[in-house]
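>>> model the following, please.
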Amino acid sequence: MLKNRVLEALSVWILSMALLLSTGFIKVQGYVYSTIVNMLALATPSIIYLIVRRDVLTNMLKTLKYLRIRYTLPIALIVWITSSILTSIVDIYYPPPTWYIEKIRSLTPSNLNELLIALLMTWLLVAPVEELLFRWILLKPMVSLLGIRAGVLLSALIFTFSHLDPWNVISPFLVGLAAGWIIARDSSILSAIIIHGIHNTVTHIANMLIIF
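Modelled structure (predicted):
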C-alpha cells in the first residue's frame with residue numbers, strides 16, 4: 001500500500017515536471033507571466049491528485065493547526081545564511097557562466113515595485129505550489145515507507161534536481177531538508193511554506209541590493 005502511494009507521488013512529480021518543461025515551448029515574456037505559467041503547469045497534477053485522493057487533502061487540512069512558527073523563522077534564516085555562505089564558496093571554484101549571471105540579473109527585482117511583485121509571486125504561487133508537491137504529496141509517503149531520514153533526504157534530492165540548475169543546488173537542497181524535516185515531524189504544510197517563502201524573500205532582497 002505504501003509502495004503504491006510512493007509510486008503515485010512519483011507519477012505526479014514526473015507529470016508535473018513534464019508539464020513544466022513543456023512550458024518552454026510557450027513564448028511568455030516577463031517574470032510575472034512566466035512564473036504564473038510555470039506554477040500552473042507544476043500545480044495542475046497536484047490539484048488533480050488531491051481531488052482524486054481526498055484522504056491526502058483531508059490529512060493536509062487537519063495539520064494546518066500545527067503551525068510551528070517559533071521553529072520556522074530561525075530555521076529559515078539559518079538555511080539562508082548557510083546556503084549563501086556555501087554557494088559563495090562553491091562559486092569561487094565553480095563559477096557560473098556569464099550567460100547564467102545575466103539571466104539571474106534579468107530575473108532580479110531592480111526597484112521596489114518589482115520586488116513587491118516578486119514577493120507576491122513567491123508567497124502566493126511559488127512556495128505554496130512547490131511545497132504542496134514536494135513536501136506533502138511526495139515527502140509524506142516516502143517518510144512513511146523509508147523513515148524520516150531517508151524520506152527527507154530523498155525528497156530534498158528530488159527537489160534539488162527538479163530545479164534543473166547545476167549552479168543552484170545548495171539552496172534548494174537545504175530548503176528541502178529543512179522544510180522536509182519539519183513536515184516529517186507532523187507540522188503544518190504552512191510551516192514549510194514559511195521556510196520556503198522567507199528564504200526566497202531574503203534572496204530577492206539580497207540579490208537586488210547586491211546587483212543593483
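>>> sec struct for L67, please.
Under DSSP: H, G, I helix; E, B strand; the rest coil, L67 falls in the coil class.
>>> nearest residue to it other than its sequence neighbours?
Distances taken as Cβ to Cβ, 6 or more residues apart in numbering put S188 closest to L67, at 4.4 Å, once the chain neighbours are dropped. The way it works is simple: take the backbone N, C-alpha and C, and place the C-beta from them, glycine included.
>>> burial count for that neighbour?
Using other Cβ atoms under 10 Å, S188 is surrounded by 21 other residues.
>>> need the contact list for it.
T63, L64, K65, Y66, L67, R68 (Cβ atoms under 8 Å, 6 or more residues apart in numbering).
>>> so how far is T160 from it?
Here S188 is placed at a distance of 23 Å from T160 (Cβ to Cβ, to the nearest Å).
>>> for the chain, which segments count as helices?
Using DSSP state H, the helices of the chain run over 2-22, 31-52, 54-62, 69-93, 98-107, 112-121, 127-131, 139-146, 148-162, 170-184, 189-211.
>>> what's the least confident stretch among those?
Among the helices of the chain, helix 98-107 carries the lowest mean pLDDT, at a mean of 89.
>>> show me what that one is packed against.
Other helices and strands packing on helix 98-107, by 3 or more Cβ pairs under 8 Å, 6 or more residues apart in numbering; DSSP states H and E, are helix 189-211.
>>> who's in contact with I183?
Here I183 is in contact with R135, W136, L139, K140, I189, S191, A192 (criterion: Cβ under 8 Å, 6+ apart).
>>> if you skip the residues just before and after it, what's nearest to A206?
For A206, the spatially nearest residue (Cβ to Cβ, 6+ apart) is S84, at 7.4 Å.
>>> that neighbour - how many residues pack around it?
For S84, the count of nearby residues is 16 (other Cβ under 10 Å).
>>> ok, the closest residue to I194 other than its chain neighbours to H196 distance?
Leaving aside its sequence neighbours, I194 sits nearest to T72 (Cβ to Cβ, 6+ apart; 4.5 Å). As defined by Cβ to Cβ, T72 lies at a distance of 10 Å from H196.
>>> which residues touch I210?
Residues counted as contacts of I210 (Cβ under 8 Å, 6+ apart): none.
>>> with Y49 instead?
Contacts here follow Cβ under 8 Å, 6+ apart; on that basis Y49 touches E8, V12, V56, I137.
>>> burial measure for the first one, as a count.
It stands for E8. 17.
>>> what of the second one?
Each residue near V12 was counted by other Cβ under 10 Å, and the total is 20.
>>> then the third one?
Using other Cβ under 10 Å, the number of residues around V56 comes to 20.
>>> tell me how far it lies from I47.
With distances taken as Cβ to Cβ, V56 is found 12 Å from I47.
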